[in-house]
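1. Fold the following.
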Amino acid sequence: MGMSGLKLLKYVLFFFNLLFWFCGCGILGFGIYLLIHNNFNLLPSLTLGNVLIIVGSIIMVVAFLGCMGSIKENKCLLMSLNNYVSESLTDSIQRYHTDNSTKAAWDSIQSFLQCCGINGTNDWAGHPPASCPSDPQVQGCYAKAKLWFHSNFLHIGIITICVCVIQVLGMSFALTLNCQIDKTSQSLGL
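-> Below you'll find the predicted structure:
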């Protein structure tokens, strides 16, 4: 990729992260508004406002790291989630024998990608599970998953964009219907 293509990619990445940061600000603000003006509780200590504040804050932090990483061309900021993913995978390996959903997830990933553990068979204490390939030099699932995502990035992106467009259209239709119901109710004097 040429230098102009990299510069374009840098600014596109910055723009999208900035857009996500603004969305995170909006979610955070709406969460604060709901926390102050609404008492819609999901659980006694878990209100919709609290959930939106947490989600908005996480989106803002991740988007900020993406913005700064793209503008400064800092690989550490751009890839700051790699350590988090690796640590989460290590935790899930430790829960393999105690949690059935974790066991099923690892078994399906290892069978699908023909990989074993995070970095290889040494990640499993003792004997690796039956879902690992029998080859002792098999590649770890972390590297295989990254390779799979890179090779299928276009398809994943198209599917993600289609799902987002469908969600936005659904929300637009719901809001339009809501407005029409309000107008009809007002005209009927209800």
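2. what about residue 179, neighbour count?
-> 10 (other CB atoms under 10 Å). C-beta here means a position set from N, CA and C on the backbone, and glycine is covered the same way.
3. Now name the helix or strand holding it.
-> helix 153-188 (DSSP states H and E).
4. Quick check: mean pLDDT of the helix or strand hosting residue 54?
-> Element membership of residue 54, judged by DSSP H and E, is helix 48-72. Average pLDDT, helix 48-72: 78.
5. now do stretch 146-156
-> 81.
6. middle-most residue in the protein, spatially?
-> Centroid check for the chain by CA atoms, centre = their mean gives residue 59 as the closest residue, at 9.5 Å.
7. give the contact list for it.
-> Under the criterion of CB atoms under 8 Å, 6 or more residues apart in numbering, the neighbours of residue 59 are 20, 21, 23, 24, 27.
8. Give me the pLDDT value at residue 132.
-> So residue 132 comes in at 91 (pLDDT).
9. Near it, how many other residues are there?
-> 23.
10. cool, residue 65 as well?
-> Residue 65: 19 neighbours (other CB under 10 Å).
11. need the contact list for the nearest residue to residue 136 once chain neighbours are set aside.
-> Excluding the flanking residues, the one nearest residue 136 by CB to CB, 6 or more residues apart in numbering is residue 121, at 6.2 Å. Residues in contact with residue 121 (CB under 8 Å, 6+ apart) are 128, 132, 136, 138.
12. just to revisit the earlier point, tell me the buried residues in the helix holding residue 54?
-> Neighbour-count burial for helix 48-72, counted by 16 or more other CB atoms under 10 Å, picks out 48-50, 52-53, 56, 59-60, 62-67, 69-70.
13. Where does residue 127 sit: helix, strand or coil?
-> coil (DSSP: H, G, I helix; E, B strand; the rest coil).
14. wait, what's in contact with it?
-> Contacts of residue 127 by CB under 8 Å, 6+ apart: none found.
15. at 10 Å what do you get?
-> By CB atoms under 10 Å, 6 or more residues apart in numbering, the contact list for residue 127 reads residue 121.
16. Look up phi and psi at residue 139.
-> phi -80, psi 150 (degrees, to the nearest 10).
17. related to what we said a few turns ago, Throw the contacts of residue 59 into CSV and include neighbour count, thanks.
-> Compiled in CSV, the contacts of residue 59 are given as follows (neighbours: other CB atoms under 10 Å):
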residue, neighbour count
20, 17
21, 19
23, 14
24, 20
27, 20
